[in-house]
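In: Quick one: sequence and predicted model below, then my questions.
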Amino acid sequence: MSLRIAIPLVLVLTSHSVFAERADRDKPMQLEANRISIDDAKKVQILEGDVVVIKGTMVLRADRVVITEDQYGFQIGTAFGGKDGLARIRQKREGKDEYTDGEGERIVYNTNTEVAEFFHRAWVKSGEDQVRGDYIWYDAISEKYLVTAGKKRDPKGPPARVHAVIQPKSKSAEADKSAASSTPLELKGSGGLAAPVKRN
């Protein structure tokens, strides 16, 4: 059964079980779009129209993406819009056949830190857990989230809130851990040791 929680203002979640695909950082970035403008001097690339950015297992889709590069060669991509006005990103989780998915009206992704920021109508799903809010900060390496609800759009409506669905831990894993910790230690004699010699 899922545990559903609604928390106003800020929600911080942490998961230590798995990490993002580590090899993605060293993979080349592939770009697809209807129009691409590249300024090598300023290290800026502007992609427009049905944009797809691929880096390893990370796939970013949007209407418009601006990519800047720092002095060390790391890129920061800012994605705007897409289907239903939302940019979308997907990345494989390390060691599992599962993906982290996220969407927002604007997404900022740093290839060095592997941190993604989602602005407005933000949603992130990692495994079976998911969070929704006006702003989401997500660290793909440590799988930490910071979620805020944003300002209330309708003064007469209910207060803005953050929503999350957090799955319980595996019962089998907990049972194995509990069994291991509760197993008593058994002391055994060593057959190779001779009995002490009695001296007068």
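Out: Okay, I see it.
In: Please pull out the lowest mean pLDDT helix or strand from the chain.
Out: Ranked by mean pLDDT, DSSP states H and E, the weakest helix or strand in the chain is strand 3-8, scoring a mean of 38.
In: Distance check, Gln167 against Ile107.
Out: 24 Å (C-beta to C-beta, to the nearest Å). All C-beta atoms are positioned from the backbone trio N, CA, C, and that covers glycine.
In: more neighbours, those two?
Out: Taking other C-beta atoms under 10 Å, Gln167 and Ile107 do not tie; Ile107 has more neighbours (27 against 12).
In: Neighbouring strands - and their directions - for the strand or helix carrying Asp101?
Out: Using DSSP states H and E, Asp101 maps to strand 99-104. When pairing is defined by DSSP bridges, strand 99-104 lines up against strand 87-92 (antiparallel), strand 115-126 (antiparallel).
In: Neighbours of Trp137, how many?
Out: So Trp137, with other C-beta under 10 Å, has 17 neighbours.
In: That one: which element?
Out: strand 129-139.
In: and that strand, what does it pack onto?
Out: Counting by 3 or more C-beta pairs under 8 Å, 6 or more residues apart in numbering; DSSP states H and E, the packing neighbours recorded for strand 129-139 are strand 10-14, strand 99-104, strand 115-126, strand 144-148, strand 161-166.
In: Report the angle between that strand and strand 99-104.
Out: Strand 129-139 and strand 99-104 are oriented at 80 degrees to each other (axes from the mean of the first three to the mean of the last three C-alpha atoms, to 10 degrees).
In: Between strand 161-166 and strand 129-139, find me the angle.
Out: Using the same axes, to 10 degrees: strand 129-139 against strand 161-166 is 110 degrees.
In: check contacts around the closest residue in space to Glu98 that isn't next to it in sequence.
Out: Among residues not flanking Glu98 along the chain, Gly127 sits closest, at 5.3 Å (C-beta to C-beta, 6 or more residues apart in numbering). By C-beta atoms under 8 Å, 6 or more residues apart in numbering, Gly127 lies in contact with 18, 93, 96, 98, 100, 167.
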